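Novice: Can you look at this prediction? I've put the sequence above it.
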Amino acid sequence: MKTRYRIQAIAAISLLAACSYLEENPRTAQVPSTVYTTEGGVRSVLVGCYVQLTSSNYYSSGLTHMGVNSVMLASKNSQSNQVTCQVGTMSPITDNFMTRPFQAIYTGINQCNDLLANLAECDLGEDFRLAVEAEAKFLRAFHYFNIVRLFGRCPLRVTPCETIEDTYCERSSLRKVYAQILEDLQFAFDHMPDKDKQAVGYPHRWAARAFMAKVYVQMACLTQDHFDCTKEPEEERYTPQERAEFWQNGYDAALEVYQSGKYQLAPLYASLWNNRSKNTEESIFEVQFNKSYGTDFGITIISLDGHAYTPPGAAESIAGYSVYAPNYNGDNTNWGRLRPTKWVFCEHWTRYGNGKRCNDISTSAELNADPRFNVTYQYYTDDKDGVPGTQTFFPNRGFGISNLAGIMPYLRKYWYDEYNGRNDQNMKVFRYADLLLTLAEAANEIGLTGEAVGYVNQVLDRAADADGNGVRDAGETQPVQWPTGMNQVDFRNDVMFERIFELLGENHEMFDVRRRGADYLERCMERNNYWRAMAKETVANGGWGKNAGANYHNTEVGYDYSNRSFLVQNLFFPIPKNEIQHNSLIPESDQNLGWENQ
């Protein structure tokens, strides 16, 4: 019989020791016998549930680093070690980047279950209890939505774990997990406060409805390949008719949010990405981070080695590698650990650039191109030792160099110019532009392609509006609008790439690259390989970058996707090995397809 050394049950008293999610500060431990007797005590437990999102193994670092397994992002751990973590390389045995988020998500689920179980017995006003129950169920649905998209079939618990034996749980079908998610989100929509009655930074009822749209679209995308990968029982698999209904349900939910007027696009894309941009009119759900409290309870956004996301120009004494934001620390190696792969930059530039070829880019702030370039990417040059433009990197440095510092562009969205050792930036989990693209995707699938183009063009018009005046002026030509006469197939292909260009670095990559099935995963790999081949040709002919060298093959990942089983295997991550070893109800034979006995 297996012995479990990891207990996911979290006592209420440990939750209450957590730091504030926003401005509330429940630092004093309270005993469970009294905490549920007052609204303030119950609210403290709910705040503790939100705090779990900020842990170093969840949105602070662990979950976000799984984004490298997406073809769209890569990771550099050190100057001498380019770690691409390409699709298919994660190990269920040794990879903590997978194990730690799995544990962190289930910790969050159990916190919600504990709150819900105790809340049912407390003697407080019904309206208050329903509102708290709704928020807890919203969070539980959110956690399960993350886990089921990453790992497929998963253990499903809606009651708290109080003993070691309680933590043993078999994997439930996708059908059952998604049914629970939708049930929780519907309850949340029915009972969460409306926008004008909810505190800033907390989701209101329309966030639940928006997530229902994303859930239905995710369900509609599930193919036989997905079901094969996670070994879904035949009788539990969705039928084609059900999937068609999910597209309609996703459209209906997204349209309802759209027509509610509760959210809108921020006038200026760049305004979403500065150190004061929190909880804007575009925000549907953000993980709140606050540098004021330090890192004792994981409230600060921290990197994998305990250092905060940091900006270019930080003091040279600051060591370590940040996860997303660029950071120059004096040794030419560190503008951020996670970075866009070059094919993403090149595809974006080819579609929405200013007419130059990629290897003719000559500044770090090209004009007359999609304004999102200069917000999303740090490219070509940056300051070094206080001298502007003296540190060069992609595409200035080309497709292959001996010094790994410059071989890729960097994510600029999390630039934080008031860095003092900590970072205040929130993690934007779901924003209105995402909702519009989700609505467009669903509209196209139910035959409303012309209407769908209109939703995408709203996103493109805002992106083009470089001065934020709410109008696409004559000179604001990129990104170009999509034509109303697009056919369904072209739209289906292009909207997924538009999601990359609009949402890059916002933790959608690892989900989106798998959501559309093996064919879309193959297409991303094909584009990656295309630009890799282009690199070979241009380097061989002396082109592309002024410092391009012959060792491009050491820094460019090529995929062999000729074997479809490889693609199917990677539609979900493997269940972490330690979960199988210590959960007596998950046998090795129930591991996801292709990962057994590793």
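Specialist: On my side now, so go ahead. Numbering: from 1, shown residues only.

Novice: Can you tell me the SS state at residue 277?
Specialist: Secondary structure assignment for residue 277 (DSSP: H, G, I helix; E, B strand; the rest coil): coil.

Novice: Name the nearest residue to it, ignoring sequence neighbours.
Specialist: With CB to CB, 6 or more residues apart in numbering as the criterion, residue 277 has its nearest non-adjacent residue at 6.0 Å, and that residue is residue 271. Any C-beta I mention is one placed from the backbone N, CA and C, and that applies to glycine too.

Novice: Just the element for the residue nearest to residue 485 when sequence neighbours are not counted, please.
Specialist: Among residues not flanking residue 485 along the chain, residue 450 sits closest, at 7.9 Å (CB to CB, 6+ apart). Element membership for residue 450 (DSSP states H and E) is helix 449-464.

Novice: elements contacting that helix?
Specialist: With contacts defined as 3 or more CB pairs under 8 Å, 6 or more residues apart in numbering; DSSP states H and E, helix 449-464 has these neighbours: helix 432-445, helix 488-503.

Novice: from these, which stretch is densest packed?
Specialist: Highest mean neighbour count among the helices and strands packed on helix 449-464 (mean count of other CB atoms under 10 Å): helix 432-445, with a mean of 25.

Novice: before we move on, back to that, if I look at the residue nearest to residue 485, how far off is residue 439?
Specialist: Going from residue 450 to residue 439 by CB to CB, to the nearest Å gives 14 Å.

Novice: Then residue 483?
Specialist: According to CB to CB, residue 483 stands 19 Å off from residue 439.

Novice: what's the answer for residue 464, then?
Specialist: Using CB to CB, one gets 20 Å for the distance from residue 464 to residue 439.

Novice: got it, and residue 468?
Specialist: Noted for residue 468: a distance of 23 Å to residue 439, by CB to CB.

Novice: what about the strands in this structure?
Specialist: 73-78, 81-83, 154-155, 171-172, 283-287, 338-340, 377-378, 381-384, 387-392, 410-411, 427-431 (DSSP state E).

Novice: Out of these, which gets the lowest mean score?
Specialist: Mean pLDDT is lowest for strand 81-83 out of these, coming in at a mean of 42.

Novice: Residue ranges in the stretch 151-300 of the chain under the pLDDT threshold?
Specialist: When residues are selected by pLDDT under 70, those of the stretch 151-300 of the chain lie in 275-276, 290-300.

Novice: Of all the helices and strands packed on helix 449-464, which one is nearest residue 362?
Specialist: Across those, the minimum distance to residue 362, taken as CB to CB, is reached by helix 488-503, at 21.8 Å.

Novice: Residues touching that closest one, excluding its own?
Specialist: With CB atoms under 8 Å, 6 or more residues apart in numbering as the contact definition, helix 488-503 has outside contacts at 72, 344, 347-348, 351-352, 370, 372, 376, 433-434, 437, 440-441, 444-445, 447, 449, 452-453, 456, 459-460, 463, 479, 482, 486, 508-509, 512, 516, 520, 523.

Novice: of those, buried ones?
Specialist: With neighbours counted by 16 or more other CB atoms under 10 Å, these contain buried members at 72, 344, 347-348, 352, 370, 372, 376, 433-434, 437, 440-441, 444-445, 449, 452-453, 456, 459-460, 463, 479, 482, 486, 508-509, 512, 516, 520, 523.

Novice: Isn't residue 381 up against residue 409?
Specialist: No - taking contacts as CB atoms under 8 Å, residue 381 lies outside contact range of residue 409: 11.2 Å.

Novice: ok, the two, which is more surrounded?
Specialist: Between residue 381 and residue 409, counted using other CB atoms under 10 Å, residue 409 has the larger neighbour count: 26 against 19.

Novice: can you tell me which residues contact that one?
Specialist: 339-340, 342, 345, 377-379, 393-395.

Novice: Out of these, flag the one nearest to residue 267.
Specialist: residue 377 (21.7 Å).

Novice: What distance do you get for the residue lying closest to the closest one once chain neighbours are set aside to residue 64?
Specialist: Leaving aside its chain neighbours, residue 377 sits nearest to residue 409 (4.4 Å; criterion: CB to CB, 6+ apart). Relative to residue 64, residue 409 is positioned 18 Å away (CB to CB).

Novice: in the lengthiest helix in the chain, what counts as buried?
Specialist: In the chain, assigned by DSSP state H, the helix with the most residues is helix 126-151. Of all the residues in helix 126-151, those buried under the rule 16+ other CB under 10 Å are 129, 131-151.

Novice: same thing with stretch 175-184?
Specialist: 175, 177-178, 180-182, 184.

Novice: neighbouring contacts of it?
Specialist: Stretch 175-184 has contacts (CB under 8 Å, 6+ apart) with 137-138, 140-141, 144-145, 148, 153-154, 156, 158, 212, 215-216, 218-219, 232, 236-238.

Novice: Please save the CA atoms from it in CSV.
Specialist: C-alpha atoms of stretch 175-184 as CSV (Å, rounded to 0.1, in the frame of the first residue of the first chain):
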residue,chain,number,x,y,z
ARG,A,175,-16.8,15.3,-18.7
LYS,A,176,-17.1,15.2,-14.9
VAL,A,177,-14.5,17.8,-14.3
TYR,A,178,-15.9,20.3,-16.8
ALA,A,179,-19.4,19.7,-15.5
GLN,A,180,-18.1,20.7,-12.0
ILE,A,181,-16.4,23.8,-13.4
LEU,A,182,-19.5,25.0,-15.1
GLU,A,183,-21.7,24.3,-12.1
ASP,A,184,-19.3,26.4,-9.9
